[in-house]
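**Student:** Show me the folded form of this:
(2 chains)
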Amino acid sequence: GESVGLHLPTLSVQEGDNSIINCAYSNSASDYFIWYKQESGKGPQFIIDIRSNMDKRQGQRVTVLLNKTVKHLSLQIAATQPGDSAVYFCAENMGGSTLGRLYFGRGTQLTVWP
Amino acid sequence: EPEVTQTPSHQVTQMGQEVILRCVPISNHLYFYWYRQILGQKVEFLVSFYNNEISEKSEIFDDQFSVERPDGSNFTLKIRSTKLEDSAMYFCASRVEGGKETQYFGPGTRLLVL
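**Tutor:** As a prediction, this is how the structure comes out:
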C-alpha cells in the first residue's frame, strides 16, 4: 500500500505569499526524504532533502520540516513566484533499501496567481 | 550543471513490439534507476542497478523488462513485448555512490503503446 500521501491535492496562492505543502508518511523506518518539483512534461527536479536525524533544513526560499512523532513532512516556499507553479512530490527512502528505492506520494498541484 | 539525459523523448509503438529506452546518467554516478509514471498518477519505482547488476526491483518489473549498461555511459530499459498498460512516462535517475544521497532524474521518455 501507499506509505506516502499528501493532505491536499491542489494549492492556489497569490504571488508573494508563502506556500506550505504537506506530506504524511506511514513507515517509521523511513530515514531519508526528498521534495521534488515536477513541471508539465518534465522529470522530477530535486528541491531539498532531509535525513531523519534532522527536524528542519533550509535552502534558498525553501524549508523542509520533519516531524517524526506524527510522521509528517512539509515544504515551505517563501515569497512564492509564478515559476513555482508545478506539482510537488515528497518521496521517502525506507531504511533497508540498499540503493535507496524511493516511494513517491501522489503530488500537490501548486498554482501561483500573479 | 550535469544532467541525466534520455532518448527518445517520445516513442509510439504497437502492442507486442519491443522497445528500448535509453539513458545517459550523470558521469560520476554509479547507482542507476528506472521509474515510471502513468498519466495522472504517482511516480513508481521499477528497478535499481549497481555494479552491473540489478539491486532491487518492484513487482512491476516482470520478465518483460530488462536493464543493461552496455558501455560506460548508457543505461537502457528494454520492454520485450509491450502491453497497452505499459503506456507511461519512464524516468531514469542516477546518484553518486554512498549512503543517503539524492537521486537526479532525467526528463523522461513518453511511451505510448497502441
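
**Student:** where along chain B do the strands fall?
**Tutor:** With DSSP state E, the ranges of strands along chain B come out as B:5-7, B:10-13, B:19-24, B:31-37, B:43-50, B:53-57, B:65-68, B:75-79, B:88-95, B:104-105, B:109-113.

**Student:** got a markdown table for these, with mean neighbour count, distance to chain A and mean pLDDT too?
**Tutor:** C-beta: built from backbone N, CA, C; applies to glycine. Output for the strands of chain B, formatted as a markdown table (neighbours: other C-beta atoms under 10 Å in any protein chain shown; distance: least, C-beta to the nearest C-beta, whole Å; pLDDT from 0 to 100):
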| stretch | mean neighbour count | distance to chain A | mean pLDDT |
| --- | --- | --- | --- |
| strand B:5-7 | 17 | 8 | 96 |
| strand B:10-13 | 14 | 10 | 97 |
| strand B:19-24 | 19 | 11 | 97 |
| strand B:31-37 | 25 | 5 | 95 |
| strand B:43-50 | 22 | 4 | 94 |
| strand B:53-57 | 14 | 5 | 92 |
| strand B:65-68 | 16 | 13 | 96 |
| strand B:75-79 | 19 | 13 | 97 |
| strand B:88-95 | 24 | 5 | 96 |
| strand B:104-105 | 23 | 4 | 94 |
| strand B:109-113 | 19 | 8 | 97 |
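
**Student:** Need those strands in JSON lines (columns: distance to A:S85).
**Tutor:** Converted to JSON lines, these look like this (distance: least, C-beta to C-beta, whole Å):
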{"stretch": "strand B:5-7", "distance to A:S85": "24"}
{"stretch": "strand B:10-13", "distance to A:S85": "24"}
{"stretch": "strand B:19-24", "distance to A:S85": "27"}
{"stretch": "strand B:31-37", "distance to A:S85": "19"}
{"stretch": "strand B:43-50", "distance to A:S85": "19"}
{"stretch": "strand B:53-57", "distance to A:S85": "34"}
{"stretch": "strand B:65-68", "distance to A:S85": "34"}
{"stretch": "strand B:75-79", "distance to A:S85": "30"}
{"stretch": "strand B:88-95", "distance to A:S85": "19"}
{"stretch": "strand B:104-105", "distance to A:S85": "19"}
{"stretch": "strand B:109-113", "distance to A:S85": "21"}
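
**Student:** Contact partners for residue 91?
**Tutor:** Since you didn't name a chain, this refers to chain A. Going by C-beta atoms under 8 Å, 6 or more residues apart in numbering or on different chains, A:A91 touches A:4, A:33-36, A:44, A:102-105, B:43.

**Student:** ah, no, chain B please
**Tutor:** Contacts for B:F91 were tallied using C-beta under 8 Å, 6+ apart; they are A:43-44, B:6, B:34-37, B:43, B:105-106, B:108.

**Student:** For it, name its beta-bridge partners.
**Tutor:** Under DSSP bridges, the beta-bridge partners of B:F91 are B:Y35.

**Student:** circling back to that earlier point, can you say which of the strands of chain B is nearest to A:M54?
**Tutor:** Among the strands of chain B, strand B:88-95 comes nearest to A:M54, with 19.2 Å by C-beta to C-beta.

**Student:** could you give the angle of that closest one to strand B:43-50?
**Tutor:** For strand B:88-95 against strand B:43-50, the angle between stretch directions is 40 degrees (axes from the mean of the first three to the mean of the last three C-alpha atoms, to 10 degrees).
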